[in-house]
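Peer 1: Based on what follows, work out the 3D shape:
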Amino acid sequence: MKYFSCPIVLFLLCASVSAGSMIVNVPLDPSELSVIDRGVCTSVTYPQAYTTYTPGAPGLPILPVQIALPTGCRATGFNIIDEHYQTIDGPHYVTPSSGCYPLSRPELAQPAEPDIHIYGRNEFYPSASVELNSSSVLWGIPVAYVTVYPAHWNPVTEQLEILSNLVIEVEYETDPSVSLVSRRTETSELRAQEIVRRMVINPMDVSSSGATLVDAKDLLYGQYVIITHPDYETIMEDLAAWKTAKGIPTNIYTTTWIQSQYNCWDLQQEMRAFLTDCRDEGTDYVLIVGDDDRIACRDVYMSASGSTVNAPSDLYFSDINDTAPGADLWDTNYNHIWGEPADNIDYHPDLWVGRASVNSTGEAELFIDKVLFYEHMISWSGGDDYFDTAPVEMRIGHSTELLFSPPYYGSASAEMINAYVPGYWEIEKCYESTSSNSHAITHEMFNAGPHHVYVAAHGSETSFSVPGGSYSVSDVMSLTNISSENSVAIINAICCSTGHLDGAECFSDAWQASPNGGGFAAMNARYGWGHYGEPGMGPSERLCEKFYYKFFLEDIHELGMAHLTSMDYFTPPSAFEDSFDLGGSEVETLDWCLKTYNLFGDPELPMWTLEAIDMSVTHTSSIGSAGEIHVEVTSGGSPLEDARVCLQKGNWQTGEVYEVAYTNASGVADIFVNPATTGIIDIYVWARNHNTYDGTIDVTSVGISEPEGGTTCANSLSPVSPSPAACNTVITFSLAQAGPAFVDVFDITGRIVTTLNRDELTSGSHSLLWNLEDSSGRIVPSGLYYVRVSSGSFTASTSVIVIK
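Peer 2: Residues are numbered from 1 along each chain as shown. A predicted model of the protein is given here:
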């Protein structure tokens, strides 16, 4: 029987907000704007801004800005409250943009003539200081996407002004279509809010997704979903077991199962329908296992600069903004041509998606080995033990060459990336611009064991260029960076077609399939694009550069998150359209770059920024009945906060025990368990940049004894409900013994907001209502709060999200 489902939108607000507005101060620093006179021309740049891509338009900076919105709301418009410009002493002549060109077609690149529609007008370009481009959700959190123009210029008077102050009023209204997640774990909710806080200009206004928070074991499909060709189902069990053991509950679903449950146009659309249900039920990560000949990508429409193609795009499986399974917004006109301009592509990630492009059981096993080795859970076959021979340096390497005519070298974007790299990392610069690159130099750099690699060169399906030749698939298959240097390399590349996974064995396939080297990759299925005349400013270059910005500066360390949030910065493509509506090709070019850039790797992979650190873990060694497991985690002699502790006995959904918790500021987690049988509870403790701890806890007997005179109760604290809360919420707990009990609410700074109880309580179960007021009777602001219950030797805490 086919299974169809409709997403359920849960509203936890006492009264839904129909419309409203918020005042937002856009942070601008005029001192950071660079104005450089080069002869008779002026170059204008601004940190993290892109340049105008419209050929013939003045080359001025474009700054994408994200603004957090209230739960369940979509931005509808804005008003400028205040704006102020400063005049730069001039006159200045801003050079026209030369436009974007495929890197593999350097013969097309040429300087553009000034567009008379702009250069002949006695008015400032751009005409507006800010534009609202779209409103959507990022991983369930509502966000508005705005374009700010930090400078404008009058071509007739040659007057240049920079924007020094901008305050806007953002208008919004309730829209059920942005409430895409019905249920998720508290961990996912908090991580989503944390990611969005790092991206928006108003982090204090980040709201919840509106989802109901559930325990990990109550997820319907899993936090991590593996979609695989049936040939690899059994092999993928090892990867699923590892992710589950470290606290990311994982399930495997075959394409055969998906086809039996959903009835759509083709397998790809049935996968999307399934992933719509997964998104609604709290799935975060998706790994597609199979090369294009095993699980085909969605081929999508792309057209730019006279070239129209269909190309594989796994963004189709990440941008899941459908309101119900099967309501495919990438084909809104139902003509089975996906990704056309008339379709309702959102571009923003709802799931973190990666692909293992394997086409044999051996390659599937190798992919898992590389994940486990990268996470320090196995030694490499035929190599030394990782913990005895781990690479000393954290290292990034670059291989770059001339892309267009001088001075357009790939090293320009590599140097932009180097500005983000921590000082304790080693940087290997294989640059043609400094006569320090060749086939031998690049091969040596790869084999030296870099953690990350950036390639800015021309490319084909099976190779990329190096000075004097090319670096090919056969070279990749001979790499030994893993077996010799114990380093799995993550490569980002702007090259054309090296990610051509719908053809023969392409370069990115080989990077995963190399038996003793390579690793994981993000590469283009078709053309990569540069911006002629502005080295380092091409869209493909900026996509890669933004990956390292997200990783190093915003500390987005999960591979799939860094990949897709770097792409999200570039969305929607319409944000970069010229304000005079001259019909430039920049929208099509950016659309192309976003669709064609795919991740070949594990989306949950936690990327290292430090050499691996050992942690010390002590925990309850055995239990004889239902009760608490006490876990203490330290690193370097100090408590380790936010270490993830996972206890498991049996299958995570149907077994006796599956609990996931995080250590507090004291490095402590107390986890209540109630196993049904004797045996072993597995314990794993994972923390960022640390080697994972694994151990066991003996279950010597089961049940709670009932001595004469009544039943003995256990100490426990249940999750606060509801959370998120808008009116009030209930704290439920039980005490093993009667005595004084304190129930306190803290804010994220550790300050006590209010005390709900300080009296003596009987043993047994208790429930307390918190009306979301502080000790002075004022309603607390939206945000994350902690509830702590303490009585005698028992102390436990949980969290609650408050929304307005």
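
Peer 1: quick one: least confident helix or strand in this protein?
Peer 2: helix 386-389 (a mean of 44; mean pLDDT, DSSP states H and E).

Peer 1: so who does residue 680 touch?
Peer 2: Contact partners of residue 680, counting by CB atoms under 8 Å, 6 or more residues apart in numbering, are 649, 696-699. C-beta here means a position set from N, CA and C on the backbone, and glycine is covered the same way.

Peer 1: which two in the residues you listed are spaced the farthest apart?
Peer 2: Farthest-apart pair in these is 649 and 698; separation 11.1 Å (CB to CB).

Peer 1: Name the residues contacting each of those two.
Peer 2: With CB under 8 Å, 6+ apart, residue 649 and residue 698 have common neighbours 680-681.

Peer 1: Between those two, point out the one with more neighbours.
Peer 2: Neighbour totals were compared for residue 649 and residue 698, and residue 649 leads with 20 against 13 (other CB atoms under 10 Å).

Peer 1: contacting residues around that one?
Peer 2: 655-658, 673, 675, 679-682, 699 are the contacts of residue 649 under CB under 8 Å, 6+ apart.

Peer 1: how does it look with 7 Å?
Peer 2: Residue 649 makes contact with 655-657, 675, 679, 681, according to CB atoms under 7 Å, 6 or more residues apart in numbering.

Peer 1: Nearest spatial neighbour of it, chain-adjacent residues omitted?
Peer 2: Spatially, and ignoring its direct neighbours in sequence, residue 649 is nearest to residue 657 (3.9 Å; CB to CB, 6 or more residues apart in numbering).

Peer 1: Which parts of this structure are helices?
Peer 2: 116-119, 186-199, 237-245, 255-261, 267-280, 361-374, 386-389, 411-418, 439-447, 473-477, 507-513, 539-548, 559-568, 586-596 (DSSP state H).

Peer 1: right, and those - which one's nearest residue 669?
Peer 2: Comparing the helices of the chain by CB to CB, helix 186-199 comes nearest, at 13.0 Å.

Peer 1: Quick check: the nearest residue to residue 184 once chain neighbours are set aside vs residue 546, distance?
Peer 2: Distances taken as CB to CB, 6+ apart place residue 282 nearest to residue 184, at 3.5 Å, with adjacent residues excluded. Residue 282 sits 27 Å away from residue 546 when distances are taken as CB to CB, to the nearest Å.

Peer 1: And for residue 612?
Peer 2: As judged by CB to CB, residue 612 and residue 546 stand 27 Å apart.

Peer 1: higher neighbour count, the two?
Peer 2: A direct count of neighbours by other CB under 10 Å for residue 612 and residue 546 places residue 546 higher, at 25 against 14.

Peer 1: Now do the same contact list for residue 249.
Peer 2: 216-217, 219, 222-223, 652.

Peer 1: swap in residue 788?
Peer 2: 744, 746, 795, 797.

Peer 1: Can you tell me which of these is nearest residue 39?
Peer 2: residue 746 (60.7 Å).

Peer 1: So that closest one is in contact with residue 752, correct?
Peer 2: Yes - if you go by CB atoms under 7 Å, residue 746 and residue 752 touch, sitting 5.8 Å apart.

Peer 1: Looking at these two now, which is surrounded by more residues?
Peer 2: Between residue 746 and residue 752, residue 746 has the larger neighbour count (other CB under 10 Å), namely 17 against 12.

Peer 1: Tell me the spacing between the more buried one and residue 109.
Peer 2: Distance, residue 746 to residue 109, using CB to CB: 59 Å.

Peer 1: Check residue 274 too.
Peer 2: In terms of CB to CB, residue 274 sits 43 Å off from residue 109.

Peer 1: okay, these two: which has more neighbours?
Peer 2: residue 274 (27 against 20).

Peer 1: Any chance you could spot the residue sitting in the middle of the protein?
Peer 2: residue 561 (1.8 Å; CA atoms, centre = their mean).

Peer 1: For it, which residues are in contact?
Peer 2: Contacts of residue 561 (CB under 7 Å, 6+ apart): 195, 352.

Peer 1: tell me the pLDDT at it?
Peer 2: Note on residue 561: pLDDT of 97.

Peer 1: How about residue 17?
Peer 2: With respect to pLDDT, residue 17 has a value of 50.
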